[in-house]
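In: Turn this into a structure:
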Amino acid sequence: MGRALTCLLVLCALVGCAVAGLPFQRAAVPTADPTPAAAIIPPADTIEPSTLTASFSDVRGHAGYWRIARGRDGVWWFLSPRNNTEFLNGVTTVQPALRSCDLLGTGYLSGDWDRQTDTASLSNWAQKTAGRVMACGFKNLGAWCNTALHQCHVPMTRDLNVSRWVPEDVPLLGSLWQKAAERAIREQVVPLRENHELIGYYIDNELNWDAMPDAAESYFRITTSLIRKYDPNHLILGCRYRGWVPAEVPRAARNYTDAQSLNYYAADGLLDSKIFSTITQQSRQPLIISEYSFHALDGRSGNANRSHFPGQVRSQAARAAGYRLMTQRLAQVPYVIGADWFQWMDEPPAGRVGDGEDANVGVVDTHDQPYQQLVEAVRQTTPLLNTLHAVPTATSSYGARPRRARIPPPPLPTPPRNCFQTKDSCSLRTVFSRTVESIRPSYSLVQLWS
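Out: Reported below is the predicted structural model:
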């Protein structure tokens, strides 16, 4: 019995340590294939290069790579290497495995992975899984995804997590900090410099800006100059604020990043117009919702949400309905250009390694089986997003709300035209009173982020 248990523990450790690029690990980035392939996503409105100046008042980025553009009607878009305008909806954390903090507990193992860690095996897993993700209706891959997926010609962002490469005892933004940051950036971006399907880079994730707003300008100046030193081709997409950020921070990013990014969870799917508009007004840049999702206690993986992860709803039906509602609301905000669902798989029921987070956030469960209601919601929502986003705005200023224009209605239930709602005027229960069970009240910002 003792020998069997020892062997099992050793095997678990070897599998866990060998998978490249898992969350909470630093892994070598495989060399990316820079050759672009045919578009996997359906073509959107294509803008001829000769008409870009006439169509847009502001274009950021380099031709042949992903760019960001602001239309003369005030609506911001992603602009693909093939000059397609896109509102992107993606999914994060596409990995072959996600380890449990309990060595004997259930983790996630992809059915597409043969448990080998050589380059060929991971490449084979990546090709199969990328196809599955796109078949679910997503347009892109978000943060925390395995680096092998960069070879699959799928639109994808890269999270650099620069601060994680810096020892905790190193003074912020000092010479040693900058040296560690340069190494983090150089090692991660150089292999991706010529990758035409890379959308851009997130610098960091959920930094505590309350403690250092005065350092923001130096932080963005140092990190963005290093990124552009080693990769001048790709967009810099901010640093993934955690639900809220002091106004001084996006203001400091104004001259350095190309877009802002925010991780935002709300169980009732409501958008906070003050938070959103403050970020985009202060930065004068569009906004990406780099994480959002809903989770329930009836998932097949057995997640109990002991970590009190925000965004809890009552059932799988409510998760699917929440996806439709919140994604369509986000698409109606003229300065929001994309939203990434967190995440591809459920977290281990005993908690993921690193912090014990244990929510039913997945598109698939820990046995790699899809939650079909959620998949259908994604598939039905994606074709609507560009049309919803193209609604003209009442004014070209930052923070403008869409007019109440008549647009082709999405499949029921239909979100209200006003994408920003108060809790008194519109709750998920009232919107879905005939189709979805009522859900728990949303968490306040204090509960979310304190």
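
In: quick one: the strands in the stretch 201-350 of the chain?
Out: Along the stretch 201-350 of the chain, counting by DSSP state E, counting those that start in this stretch, strands occupy 235-236, 241-242, 260-263, 287-292, 336-341.

In: Of the ones you listed, which is nearest residue 248?
Out: strand 241-242 (12.3 Å; Cβ to Cβ). Glycine gets a C-beta too; all of them are placed from N, C-alpha and C.

In: before we move on, back to that, columns mean pLDDT, mean neighbour count and distance to residue 114 on top of the strands of the stretch 201-350 of the chain, output as a markdown table?
Out: Listed next are the strands of the stretch 201-350 of the chain as a markdown table, based on pLDDT from 0 to 100; neighbours: other Cβ atoms under 10 Å; distance: least, Cβ to Cβ, whole Å:
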| stretch | mean pLDDT | mean neighbour count | distance to residue 114 |
| --- | --- | --- | --- |
| strand 235-236 | 98 | 23 | 35 |
| strand 241-242 | 97 | 22 | 37 |
| strand 260-263 | 98 | 26 | 33 |
| strand 287-292 | 98 | 27 | 30 |
| strand 336-341 | 98 | 27 | 27 |
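
In: And the ones you listed: which comes nearest residue 55?
Out: Comparing those by Cβ to Cβ, strand 336-341 comes nearest, at 15.6 Å.

In: partners of the closest one, with directions?
Out: If you go by DSSP bridges, strand 336-341 pairs up with strand 88-91 (parallel), strand 287-292 (parallel).

In: Columns distance to residue 134 on top of those strands, output as a markdown table?
Out: Converted to a markdown table, the strands paired with strand 336-341 look like this (distance: least, Cβ to Cβ, whole Å):
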| stretch | distance to residue 134 |
| --- | --- |
| strand 88-91 | 10 |
| strand 287-292 | 20 |
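
In: Please identify which of those strands is closest to residue 275.
Out: Closest approach to residue 275 among the strands paired with strand 336-341 (Cβ to Cβ): strand 287-292, 9.7 Å.

In: picking that back up, would you turn the strands of the stretch 201-350 of the chain into CSV with distance to residue 308?
Out: Formatted as CSV, the strands of the stretch 201-350 of the chain follow (distance: least, Cβ to Cβ, whole Å):
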stretch, distance to residue 308
strand 235-236, 32
strand 241-242, 15
strand 260-263, 16
strand 287-292, 16
strand 336-341, 20
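
In: Out of the ones you listed, which gets nearest to residue 269?
Out: Nearest to residue 269, of all the strands of the stretch 201-350 of the chain, is strand 287-292, at 9.0 Å by Cβ to Cβ.

In: With only the CA atoms kept, save that closest one in PDB.
Out: Taking C-alpha atoms only, strand 287-292 is exported to PDB below (Å, rounded to 0.1, in the frame of the first residue of the first chain):
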ATOM      1  CA  LEU A 287     -11.800  48.700 -23.100                       C
ATOM      2  CA  ILE A 288     -11.600  44.900 -23.100                       C
ATOM      3  CA  ILE A 289     -13.400  42.800 -20.500                       C
ATOM      4  CA  SER A 290     -10.500  40.400 -20.100                       C
ATOM      5  CA  GLU A 291     -12.500  38.100 -17.700                       C
ATOM      6  CA  TYR A 292     -16.200  37.600 -16.900                       C
END
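
In: so how far is that strand off the chain centroid?
Out: Computed by Cα atoms, centre = their mean, to the nearest Å, the chain-centroid distance of strand 287-292 equals 6 Å.

In: residues in contact with that strand?
Out: Here strand 287-292 makes contact (Cβ atoms under 8 Å, 6 or more residues apart in numbering) with 92, 142-143, 202, 237-238, 240, 259-266, 276, 279-280, 311, 326, 330, 333, 335-342.

In: just to revisit the earlier point, identify whichever of the strands paired with strand 336-341 lies nearest to residue 381.
Out: Residue 381 lies closest to strand 88-91 among those, at 7.3 Å (Cβ to Cβ).

In: what residues does the closest one touch?
Out: 78, 133, 136, 138-142, 155, 157, 199, 327, 337-344, 363, 378, 381-382, 385.

In: Nearest to residue 110, out of the strands of the stretch 201-350 of the chain?
Out: With Cβ to Cβ as the criterion, residue 110 lies closest to strand 336-341 of those, at 17.4 Å.

In: what about the strands in the stretch 1-150 of the chain?
Out: In the stretch 1-150 of the chain, the strands defined using DSSP E, counting those that start in this stretch lie at 56-60, 67-71, 76-79, 85-86, 88-91, 97-98, 108-109, 140-141.

In: name the helices or strands packed onto the first one?
Out: Think strand 56-60. strand 67-71 (3 or more Cβ pairs under 8 Å, 6 or more residues apart in numbering; DSSP states H and E).

In: Compute the inter-axis angle for the strand it packs on and strand 287-292.
Out: 120 degrees (axes from the mean of the first three to the mean of the last three Cα atoms, to 10 degrees).

In: Off-centre distance for strand 67-71?
Out: Strand 67-71 sits 19 Å away from the centroid of its parent chain (Cα atoms, centre = their mean).

In: List the neighbouring strands of that strand plus their orientation.
Out: Strand 67-71 has these strand partners (DSSP bridges): strand 56-60 (antiparallel), strand 76-79 (antiparallel).

In: Run through who's touching the last one.
Out: Residues lying outside strand 76-79 but in contact with it, judged by Cβ under 8 Å, 6+ apart, are 47, 59, 61, 66-71, 85-88, 199, 286, 334-338, 389.

In: average pLDDT for that strand?
Out: The pLDDT scores in strand 76-79 average 97.

In: got it, and the longest one?
Out: Per-residue pLDDT values across strand 56-60 average out to 92.

In: how many other residues sit next to residue 57?
Out: Applying other Cβ atoms under 10 Å, we find 13 residues neighbouring residue 57.

In: Now do the same contact list for it.
Out: 70, 71, 72.

In: Turn those into TSV, including distance to residue 249, pLDDT and neighbour count.
Out: What follows is these, written out as TSV (distance: Cβ to Cβ, whole Å; pLDDT from 0 to 100; neighbours: other Cβ atoms under 10 Å):
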residue	distance to residue 249	pLDDT	neighbour count
70	22	96	22
71	27	93	19
72	29	91	11
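
In: just curious, which of those is nearest to residue 247?
Out: residue 70 (21.3 Å).

In: hang on, the closest one packs against residue 55?
Out: No: with contacts counted by Cβ atoms under 8 Å, residue 70 stays clear of residue 55, the gap being 10.0 Å.

In: Flag the shaky bits of the stretch 51-200 of the chain, pLDDT-wise.
Out: Across the stretch 51-200 of the chain, residues meeting the criterion (pLDDT under 70) sit at 51, 53.
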